[in-house]
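> Next one to model:
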Amino acid sequence: MKLGAFSVSLAVKDINASKVFYENLGFSVFAGDLDKNYLIMKNETSLIGLFQGMFENNILTFNPGWDQDANTLKQYDDVRDIQKYLKSKAVVFEHEADESTTGPASFVVLDPDGNAILVDQHI
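So this is what the prediction gives:
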């Protein structure tokens, strides 16, 4: 199963303070919009999303169809196929992708410790 690009999405209290902190660790702004309270920071192949006021807890994020530079992959597993596979393994979903659609979609599952995992396909 190919889950695509991986990042950690952090629920931050002060996006400006977090931006400076991660810049000090060698990250730079890769994408996002500070005025909309979210930034994607990158250091080599490591990605961290900073999100102020969008969700309560940190989230592990996978983006099927993208590499770590947000380039579209020629071959990837569609989010709906990944979801069907996980359903066959009796994984419980917090939110499901509509399997009758194509293109962008997402689902959310929780690991055994309650950590949210977002599989978010943008293409």
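> Could you give the bridge partners of the residue sitting nearest the centre point of the chain?
The structure's the chain has its C-alpha centroid closest to residue 61; by C-alpha atoms, centre = their mean the separation is 2.7 Å. Here residue 61 shows beta-bridge partners residue 7, residue 118, assigned using DSSP bridges.
> Help me confirm that it comes into contact with residue 8.
Yes: counting by C-beta atoms under 8 Å, residue 8 is a contact partner of residue 61 at 7.1 Å. Any C-beta I mention is one placed from the backbone N, CA and C, and that applies to glycine too.
> what do the two both touch?
residue 49 (C-beta atoms under 8 Å, 6 or more residues apart in numbering).
> and residue 109, how many neighbours does it have?
Per other C-beta atoms under 10 Å, the neighbour tally for residue 109 reads 18.
> cool, and the one 3 residues further on?
Using other C-beta under 10 Å, residue 112 has 5 neighbouring residues.
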